[in-house]
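[1] next come a sequence and a model predicted from it.
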Amino acid sequence: MDTVKILFVCLGNICRSPAAEAIFQDKINKRGIAHRYKIDSAGLINAHAGNKADPRMRKHASQRGYDITHRARQFDPEIDFDAFDYIIGMDNNNIATLKNMTVSNRKLAKISKMSDYCTIFKETEIPDPYYGGYEGFEYVLDLLEDACNSLLLKLEEV
Ligand code: 4NP
């Protein structure tokens, strides 16, 4: 079976997408299927490139058992559209930015929105927690856990 390659994308790559990466990685590690996946994350701006995830996100994630070790990097349309099968943005702005980066239908078809995988929560975006309080980080983690569970189920069903 081919490796399934998933890239989670947000604006800064220090809050939502590295958390999504860590949560999805944790799920496939626990199921013993990590060898069949390649998981990464990237941001649409390079302001935080090379940095660890936001300390607030690392703290809230670690309280749930997720260790976020990712260093931020900027999404590279020249490389990432080919290197990944699924390019999953967190909000409508992320999706619009990604879609503006290519005219290739093959590449456009790889783009999806994280909240569309949620089954428990009925949100249309994973909201940016950067300028808010701790509840925002907890809520993002709730949404990401929901989305990661359903995404993994969907991928393992095929
Ligand atoms: P993220 O959150 O996109 O979930 O990583 C943000 C982090 C930084 C900024 C915006 C959103 N920023 O403007 O620096």
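    Arrived safely. Numbers count the residues shown, from 1 in each chain.
[2] near the ligand, which residues of this protein show up?
    Proximity of the chain to the ligand, by Cβ under 6 Å from any ligand atom, involves residues Cys10, Leu11, Gly12, Asn13, Ile14, Cys15, Arg16, Ala47, Asp128, Tyr130. Every C-beta, even on glycine, is put in place using the N, C-alpha and C of the backbone.
[3] my read: the last one touches Gly12, true?
    In this case it means Tyr130. Yes: the pair Tyr130 and Gly12 qualifies as a contact (Cβ atoms under 8 Å) at a distance of 6.7 Å.
[4] what residues are shared contacts of those two?
    Here Tyr130 and Gly12 share the contacting residues Asp54, scored by Cβ atoms under 8 Å, 6 or more residues apart in numbering.
[5] so which elements touch the helix or strand harbouring Leu141?
    For Leu141, the host element (DSSP states H and E) is helix 134-157. Counting contacts by 3 or more Cβ pairs under 8 Å, 6 or more residues apart in numbering; DSSP states H and E, helix 134-157 packs against helix 16-30, helix 55-63.
[6] in JSON lines: those helices, plus mean pLDDT, mean neighbour count and distance to His70.
    Output for the helices and strands packed on helix 134-157, formatted as JSON lines (pLDDT from 0 to 100; neighbours: other Cβ atoms under 10 Å; distance: least, Cβ to Cβ, whole Å):
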{"stretch": "helix 16-30", "mean pLDDT": "98", "mean neighbour count": "24", "distance to His70": "4"}
{"stretch": "helix 55-63", "mean pLDDT": "98", "mean neighbour count": "17", "distance to His70": "10"}
